[in-house]
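*Asks:* Next input, structure requested:
(one chain, ligands or ions: 3)
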Amino acid sequence: MPAVLRVALPVPLPGLFDYLPPTVGAACVGSRVLVPFGRHKLVGMVVAIDAEAAVGSSRLKQVLRLLDDGALLDPELMQTLAWAADYWLGAPGEAYANALPLALREAKPLPPIGDEYWSLSGAGRSAHDAGSRRGGSKALLGLLAAGALSAQDLSERQPGWREAARRLAAAGLLERSERPPPDRSSPPSLAPQLSDEQQQAVVTVGASLGQYQPFLLDGVTGSGKTEVYLALIEQVLAQGRQALLLVPEIGLAPQTVRRLRERLGVIVEVLHSNLSEGDRARAWLRARAGSARVILGTRSAVFTPLPQAGLIIVDEEHDSAYKQQEGFRYHARDLALVRARALGVPVLLGSGTPSLESLANAEAGRYRTLHLRARPGAIRPPQVQIIDMRAQRLEHGMSPALLGAVADTVARGEQALVFRNRRGYAPVLLCHACGWHAGCPRCDRPLTLHAGRRQLICHHCDYRQRVPAACPTCGAGDLKPQGQGTERLEEALLAQFPQVPVLRVDRETTRRRDAFEQLLATLRDDQPAILVGTQMLAKGHDLPNLTLVAIVGVDEGLHSIDFRAGERLAQLVVQVAGRAGRARKPGRVVLQTHQPEHPLLRSLLAHGYAAAARELLAERRLIQLPPYSYQVLLRAEAPQREQVDAFLAAAHAALPVNAQLQIAGPMSAPMPLRAGRHRGQLLLEAASRRTLHGMLRSWQLALIALPSARKVRWSLDVDPIDLY
Ligand code: ADP
Ligand code: ZN
Ligand code: ZN
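*Replies:* Ligands and ions are numbered 1, 2, ... in the order given. This next block holds a predicted model:
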């Protein structure tokens, strides 16, 4: 019997594909192969080698080419990926595809892993001396005039430099070279004297190095978590091991990279989706080779090979950005735990507002909790006040008390943050004469008015239209914006405080990658200013002169039908409030609401996040919701409602009879129409994970075989984090 290779292919089908070994070379588990698939050629991953084929080997095709002599993925990653594909019901090939940087999913040899350097050619030097170029090109020539720089340095000094580099290289003015990465980039800088709590945390986690143990580091923003990470990473480096630090967003990455590099004095490899594909592959391969010691990255960096793993850290572990919401729907925090166990290393989950899942795990004794209660540097925690908005005269949604607080703050020469988690000018445009409002024809939801761009935009599907001059139903010219978005607040604050700079920070004003940092950099530490923005402002960049956080409205979060809305709201409020008074000046938080008596707000403001979270957890336990039960959501969408209904009915009928299984639906999705497609869902719940997982694979196969499945787009979401 010839050996047969079981190959995972990047196609959305469960299962592996059998091939005969290539004529040249010996494939092993974890090496990539190029195989024929239908009329295409695909790059796949050898997952197993068997003596016998599942079908007669005479019908098997042969691998076209072996791409790796050895294994590209080590046994730990292979095993973890197989586990992940199984747990989140992914197609195995999709799981492997997620794990590999794009450049490594192609049938090409591995790129060299030296550092990429750029320097001026002779012609480039002349061009620099002549000062003949403009804009980005001129700036880049100027930067390189003093000597060659690495790509990483260039990214830090001139974001977006690659385009200019390409132009200049094509004109023969720049040269690219490859050098081996240096060992230490600079001498490490001095760490501050750790507080007792920080020291305690470092000692406790440090004692677990070399074995699996999850820790929850519970400390508000500014309490010094990053210093704890740094001290632990130093220990890990001293043992000759690698550390992986996950962050939820790249927005947080540049400052963190700088801080890590300065403190540790080593290269910090960065892995996130905005990196060029070449850089990403290089960083990944260096981690695999063990030459990258500290790896910082967003969600997908959880797949980084760590042959000398020492520690995994997940910062802001509660952040929903860790969950991939399409394709292979994995959760990077959960996967980090699985990897830490397989690697035999501690895993540290940090947050000022831990997820209820993690709190429940800590409560059950599965995680050990470490607290950072004091904020080094700050005198005392911010003072929080609720403003009752009922029966108040509002100025574009802002009460006199809120505006008064802003006025006091800027009069003292300090800065205020006005928070509203809605982009645009107003969430609704209403006809005052007949009651018509502008709605999205494809989603059946109100369009958001963006006044500056004179557009109505759907925030669900991005449908756009011009703002009509008159009501399309009754012809009246009396169209009134209802409610407030950040754009409207900016306008109102500019009118109220003409002498103070007003800065708006939301996705609209920071569409460019580095715009956020640049915008905040224009704020002088000793000058008054008003920041208006969405949750983008909840984190990043330390603003020592920011002493007031004014929360304009969060009432939507109190009415949402999603059972996680309360948790999200509490996290958001605490994160935003944490921006006030980070330095020596005391901070103040005002929150205006129409529901000053709401129990969640009350307990949050009176007793803090931990108490609010305890109450939310007690509620979840009482009504048996996650984390005290387990869910799987089947979503389906199609151009016609009947197609969705037919599929979900058949899916329902295909479920095994099991008294332990609770079924909700089939039903419409909370957004029944989106981007012109009808949507529905079926929710499965069980008190035990095993009950649920025991039936999922066979149900998934049954769904694939359903004739009605061909008319819909459907997906299974294990442990969904929202029910939309
Ligand atoms: P977090 O990661 O929890 O937001 P950081 O570690 O960034 O907190 O610390 C917040 C600020 O306090 C930073 O400017 C940091 O340099 C400073 N800091 C942290 N720990 C100490 C300490 N033990 N002594 C002095 N300053 C500290
Ligand atoms: Zn009208
Ligand atoms: Zn829409």
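*Asks:* For the stretch 151-300 of the chain, just list every one of the helices.
*Replies:* Secondary structure of the stretch 151-300 of the chain by DSSP state H, counting those that start in this stretch: the helices cover 151-157, 161-170, 196-206, 225-238, 253-264, 277-289.
*Asks:* To residue 407, which of those lies closest?
*Replies:* For residue 407, the closest of the helices of the stretch 151-300 of the chain is helix 253-264, at 31.2 Å, according to Cβ to Cβ. All C-beta atoms are positioned from the backbone trio N, CA, C, and that covers glycine.
*Asks:* Tell me who's in contact with the closest residue to residue 434 other than its chain neighbours.
*Replies:* Distances taken as Cβ to Cβ, 6 or more residues apart in numbering place residue 474 nearest to residue 434, at 4.1 Å, with adjacent residues excluded. The neighbourhood of residue 474, defined by Cβ atoms under 8 Å, 6 or more residues apart in numbering, consists of 431, 433, 434, 436.
*Asks:* so which of the residues you listed are also by ligand 2?
*Replies:* Among the contacts of residue 474, proximity to ligand 2 is found for 431, 433, 434, 436 (Cβ under 5 Å from the ion).
*Asks:* now the residue nearest to residue 434, what's its secondary structure?
*Replies:* Following DSSP: H, G, I helix; E, B strand; the rest coil, residue 474 is assigned to coil.
*Asks:* So which bits of stretch 519-539 are buried?
*Replies:* 519-520, 523, 528-539 (16 or more other Cβ atoms under 10 Å).
*Asks:* what's the closest of the residues you listed to residue 450?
*Replies:* residue 534 (13.8 Å).
*Asks:* Contact partners for the closest residue to the closest one other than its chain neighbours?
*Replies:* Spatial nearest neighbour of residue 534, excluding adjacent residues (Cβ to Cβ, 6+ apart): residue 506 at 4.4 Å. Applying Cβ under 8 Å, 6+ apart, we find residue 506 in contact with 423, 486, 533, 534, 536.
*Asks:* Residue 318 contacts residue 572, doesn't it?
*Replies:* No - judged on Cβ atoms under 8 Å, residue 318 makes no contact with residue 572 at a distance of 10.3 Å.
*Asks:* Pick out whichever of those two has more residues nearby.
*Replies:* When residue 318 is set against residue 572 and neighbours are counted by other Cβ atoms under 10 Å, the residue ahead is residue 318, at 24 against 18.
*Asks:* For that one, which non-adjacent residue is spatially closest?
*Replies:* Per Cβ to Cβ, 6+ apart, closest to residue 318 is residue 355, 4.1 Å.
*Asks:* now do residue 265
*Replies:* Nearest residue to residue 265, sequence neighbours excluded (Cβ to Cβ, 6+ apart): residue 188, at 3.5 Å.
*Asks:* what's the distance between the one you found and residue 239?
*Replies:* 16 Å (Cβ to Cβ, to the nearest Å).
*Asks:* ditto for residue 600
*Replies:* Taking Cβ to Cβ, one finds residue 600 at 44 Å from residue 239.
*Asks:* Please identify which of those two sits among more neighbours.
*Replies:* residue 600 (21 against 13).
*Asks:* ok so, going back, sort out which of the contacts of residue 474 are in strands and list them.
*Replies:* Counting by DSSP state E, the contacts of residue 474 place residue 431 in strands.
*Asks:* Residue 61: neighbour count?
*Replies:* 12.
*Asks:* any idea which element the closest residue to it other than its chain neighbours lies in?
*Replies:* Here the nearest residue to residue 61 in space, its sequence neighbours aside, is residue 36; by Cβ to Cβ, 6+ apart that works out to 5.2 Å. For residue 36, the element it lies in under DSSP states H and E is strand 32-37.
*Asks:* quick one: contacts for residue 427?
*Replies:* 446, 448, 449, 482, 483, 485.
*Asks:* how about the residues of this protein near ligand 3?
*Replies:* 440, 442, 443, 458, 460, 461, 463.
*Asks:* make it 6 Å
*Replies:* 440, 442, 443, 458, 460, 461, 463, 675 (Cβ under 6 Å from the ion).
*Asks:* for the closest residue to the first one other than its chain neighbours, what are its contacts?
*Replies:* Distances taken as Cβ to Cβ, 6+ apart put residue 458 closest to residue 440, at 3.9 Å, once the chain neighbours are dropped. Remark: with contacts taken as Cβ under 8 Å, 6+ apart, residue 458 is in contact with 440, 442, 443, 445, 447, 448, 464.
*Asks:* Repeat the analysis, applying 10 Å as the threshold.
*Replies:* By Cβ atoms under 10 Å, 6 or more residues apart in numbering, the contact set of residue 458 is 438-443, 445-448, 464-465, 674-675.
*Asks:* picking that back up, please identify the one among the contacts of residue 506 that lies nearest to ligand 2.
*Replies:* Taking Cβ to the ion as the measure, ligand 2 lies nearest residue 423 of the contacts of residue 506, at 25.6 Å.
*Asks:* so how many other residues sit close to that closest one?
*Replies:* That count, for residue 423 with other Cβ under 10 Å as the rule, works out to 21.
*Asks:* Pull the number of nearby residues for residue 559.
*Replies:* Residue 559: 8 neighbours (other Cβ under 10 Å).
*Asks:* ok, it to residue 444 distance?
*Replies:* 19 Å.
*Asks:* what's the answer for residue 469, then?
*Replies:* Distance from residue 469 to residue 444, by Cβ to Cβ: 24 Å.
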